[in-house]
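Colleague: build me a model:
(chains A, B, C and D, ligands or ions: 4)
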There are 2 protein chains.
Amino acid sequence: MQTLSTEDYLKAIYHVSQSSSGAVATTSIAKQIGAKPSSVTDMFKKLSDQNLVKYQKYQGVSLTNEGVKTALRIIRKHRLWESFLVSHLNFNWDEVHQVAEQLEHIQSEKLTNELERFLDYPTHDPHGDPIPNRALFMKTYNKILLTELPVNKEGVCVGVRDNSSGFLRYLDRRQIGIGTLLQVLHREDFDESLHIQAGKSTLMITKKTAENIYVKP
Amino acid sequence: MQTLSTEDYLKAIYHVSQSSSGAVATTSIAKQIGAKPSSVTDMFKKLSDQNLVKYQKYQGVSLTNEGVKTALRIIRKHRLWESFLVSHLNFNWDEVHQVAEQLEHIQSEKLTNELERFLDYPTHDPHGDPIPNRALFMKTYNKILLTELPVNKEGVCVGVRDNSSGFLRYLDRRQIGIGTLLQVLHREDFDESLHIQAGKSTLMITKKTAENIYVKP
DNA sequence: TTAAAAATTTAGTCATACCTAAATTTTTTT
DNA sequence: AAAAAAATTTAGGTATGACTAAATTTTTAA
Ligand SMILES: [Mn+2]
Ligand SMILES: [Mn+2]
Ligand SMILES: [Mn+2]
Ligand SMILES: [Mn+2]
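Modeller: Numbers count the residues shown, from 1 in each chain, chains lettered A, B, ... in the order given. Ligands and ions are numbered 1, 2, ... in the order given. As a prediction, the model looks like this:
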């Protein structure tokens, strides 16, 4: 049985390892967790003792099979709770993260599975991220960044790369959300900004915004 | 902001102080929490430093106003979560305690208040215990033990004194639950057992059982 | 290919929340 | 009113999970 802290580390290692190749570096986890590198080293040793990561001094860590499973169990709970908060408790998608960060540590298989049933087996959370099922399997569809969508081709917004409250509220104001139909009308060479069609309105967004929005063509 | 541990202590102190008069003794909390008396003394000092209890060496503790409020906030969350687990997640009333013991520590006022709204402002939890409202006020009706119900007078089961899984499942088997109409048909002098009418069936229960059932006449 | 910079680990602390064993205080019994 | 028993506190210790400062290793740059 894991502590709250080891669970957060495993999750952080999983996330970092998804978005980069090779072993996960001490500093990257320190940034993610908000702790000093020396504290991360301590934890790497503990996780290694429990066979949840493979750790070589100065070379970073990689999750073992057991480590991946543990991480996915936490992610499953995190995303189910986020879904619940949005669908039944009037939370906006930018408010759920902090609370789900706590709820993901509640230990009760029955609770998790009943919550999943109550929500009718959702496949994606409010941010468009896939929810691992009971067997910890999640289907990911091939999504691309809005910057990579060819001009005039339509795509549906299926996710965001930046989950920060600031970005999510910005999208709210622009009326862009999961499911919004998007189309790049024009790509401005000068500053790489995009004129897009978002639902029924046309608007201009910067490159920085576009590269934080995932679409399915 | 409290830690998980201090919250459990405050709750324990509140519960013990409700069921006995005067200051709360070290040993009683040690039993409730499942820790050694020396650990309890340590915690009493910490709580006293935070002005959540009044503590006099060798004389036990009593909650301050702030301590009572903190305890009631935890109890409010505990009972709301228990209600949710039973009403929406197919938990039986004997299974909820252990999970609510964890959920009660989640920190989010919005979560608590939205959960309360979602459950339609319940006044009592699955065990018949009153749920403090947002202002931490709870209405308690005057209930008596089944042992004190006069023979042939009807009463409704409104609570239990023993919340253990064993007792609750025993009541399930006897088809006694919150809301069940009860009537004492005969009081056996010899062994103090009771013949009772419970809903549509008549059955015999021991004194020990009867003194763990609350009824409203 | 050495020197500088960056990353990482080690050594030594600290706070929380437990514990055991011993000392002290209070309560009960004789 | 002592003596014995029970309750409580103190002293000293452990594990977790964080920290700072210093040492070491790896990477990058001159
Ligand atoms: Mn977390
Ligand atoms: Mn999410
Ligand atoms: Mn608890
Ligand atoms: Mn209850």
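
Colleague: outline the domain layout of chain A.
Modeller: A:4-63, A:144-216 (automatic domain parsing).

Colleague: rounded mean pLDDT for the last one, please.
Modeller: Same thing as domain A:144-216. Mean pLDDT, domain A:144-216: 95.

Colleague: pLDDT averaged over stretch A:48-56, what's the number?
Modeller: Mean predicted confidence for stretch A:48-56 is 97.

Colleague: distance between the ends of it?
Modeller: Distance across stretch A:48-56, first residue to last, is 9 Å (Cα to Cα, to the nearest Å).

Colleague: that stretch and DNA strand D, any residue contact?
Modeller: No - Stretch A:48-56 is not in contact with DNA strand D by Cβ under 7 Å from any atom of the strand; minimum separation 8.7 Å. For glycine as for every other residue, the C-beta is placed from the backbone atoms N, C-alpha and C.

Colleague: what are the ranges of the helices in chain A?
Modeller: In chain A, the helices defined using DSSP state H lie at A:4-18, A:26-33, A:37-49, A:65-88, A:96-103, A:109-118, A:165-173, A:207-210.

Colleague: interface residues of chain A facing ligand 1?
Modeller: When proximity is defined by Cβ under 5 Å from the ion, chain A lies next to ligand 1 at A:8, A:101.

Colleague: give me every residue that touches the residue nearest to the spatial centre of chain A.
Modeller: In chain A, the residue lying closest to the centroid (Cα atoms, centre = their mean) is A:D129, at 5.7 Å. Listed by Cβ atoms under 8 Å, 6 or more residues apart in numbering or on different chains, the contact partners of A:D129 are A:79, A:159.

Colleague: measure the residue sitting furthest away from the middle of chain A to A:L145 for me?
Modeller: Here chain A reaches farthest from its C-alpha mean at A:F190, the gap being 31.8 Å by Cα atoms, centre = their mean. Distance check for A:F190 against A:L145: by Cβ to Cβ, to the nearest Å, it reads 20 Å.

Colleague: swap in A:P122?
Modeller: Applying Cβ to Cβ, the value for A:P122 to A:L145 is 24 Å.

Colleague: more neighbours: those two, which one.
Modeller: Between A:P122 and A:L145, counted using other Cβ atoms under 10 Å in any protein chain shown, A:P122 has the larger neighbour count: 18 against 14.

Colleague: point out the residues in chain A that sit beside DNA strand D.
Modeller: Contact residues (Cβ under 7 Å from any atom of the strand) of chain A with DNA strand D: A:3-6, A:33-36, A:38-39, A:42-43, A:46, A:58.

Colleague: of those residues, buried ones?
Modeller: For the residues of chain A next to DNA strand D, a burial check counting by 16 or more other Cβ atoms under 10 Å in any protein chain shown picks out A:6, A:33, A:35, A:39, A:43.

Colleague: just those residues now: which is nearest DNA strand C?
Modeller: A:S39 (8.1 Å; Cβ to the nearest atom of the strand).

Colleague: closest to B:P217 among the buried ones among the residues of chain A next to DNA strand D?
Modeller: Checking these against B:P217 with Cβ to Cβ, the nearest one is A:T6 at 53.0 Å.

Colleague: quick one on the thing from earlier: the domains of chain A: which one's closest to A:E109?
Modeller: Checking those against A:E109 by Cβ to Cβ gives domain A:4-63 as the closest, at 14.9 Å.

Colleague: is chain B within reach of that closest one?
Modeller: No - when contact is scored as Cβ under 8 Å from any Cβ of the partner chain, no part of domain A:4-63 falls within range of chain B; the minimum is 9.2 Å.

Colleague: measure that domain end to end?
Modeller: Domain A:4-63 has an end-to-end distance of 17 Å (criterion: Cα to Cα).

Colleague: can that domain be said to contact ligand 2?
Modeller: No - judged by Cβ under 5 Å from the ion, domain A:4-63 stays clear of ligand 2, getting no closer than 11.0 Å.

Colleague: residue in chain A nearest to ligand 1?
Modeller: Residue nearest to ligand 1 within chain A: A:E101 (4.0 Å; Cβ to the ion).

Colleague: contact partners for the closest residue to that residue other than its chain neighbours?
Modeller: Nearest residue to A:E101, sequence neighbours excluded (Cβ to Cβ, 6 or more residues apart in numbering or on different chains): A:H78, at 7.3 Å. By Cβ under 8 Å, 6+ apart, the contact list for A:H78 reads A:11, A:100-101, A:103-104, A:125.

Colleague: residues in chain A within reach of ligand 2, list them.
Modeller: Contact residues (Cβ under 5 Å from the ion) of chain A with ligand 2: A:82, A:125, A:127, A:129.

Colleague: most neighbours of all these, which one?
Modeller: Among the residues of chain A next to ligand 2, A:E82 has the most neighbours (other Cβ under 10 Å), with 26 neighbours.

Colleague: wait, isn't it in contact with A:D125?
Modeller: Yes - contact status for A:E82 versus A:D125: in contact at 4.7 Å, counting by Cβ atoms under 8 Å.

Colleague: so which bits of stretch A:65-75 are buried?
Modeller: By 16+ other Cβ under 10 Å, the buried positions in stretch A:65-75 come out as A:67-68, A:70-75.

Colleague: pick the one among the residues of chain A next to ligand 2 closest to chain B.
Modeller: The closest of the residues of chain A next to ligand 2 to chain B turns out to be A:E82 (Cβ to the nearest Cβ; 12.0 Å).

Colleague: measure A:G22 to DNA strand C for me?
Modeller: Separation of A:G22 from DNA strand C (Cβ to the nearest atom of the strand, to the nearest Å): 11 Å.

Colleague: count of residues packed around that residue?
Modeller: Considering only other Cβ under 10 Å, A:G22 is surrounded by 9 other residues.

Colleague: pop out the phi and psi values for it.
Modeller: A:G22 adopts backbone torsions of phi 80, psi -170, taken as degrees, to the nearest 10.

Colleague: around DNA strand C, pick out the residues from chain A.
Modeller: A:25-28, A:37-38, A:40-42, A:44-45, A:55, A:57-60.

Colleague: 10 Å instead, please
Modeller: Residues of chain A lying close to DNA strand C (Cβ under 10 Å from any atom of the strand) are A:23-31, A:36-45, A:48, A:55-61.

Colleague: list only buried entries from those residues.
Modeller: The neighbour-count test (16+ other Cβ under 10 Å) marks A:23-26, A:28-30, A:39-40, A:43-44, A:48, A:55, A:60-61 as buried among those.

Colleague: right, and the pair among these with maximum separation?
Modeller: Among those, the pair separated by the greatest distance (Cβ to Cβ) is A:A23 and A:S39, at 18.5 Å.
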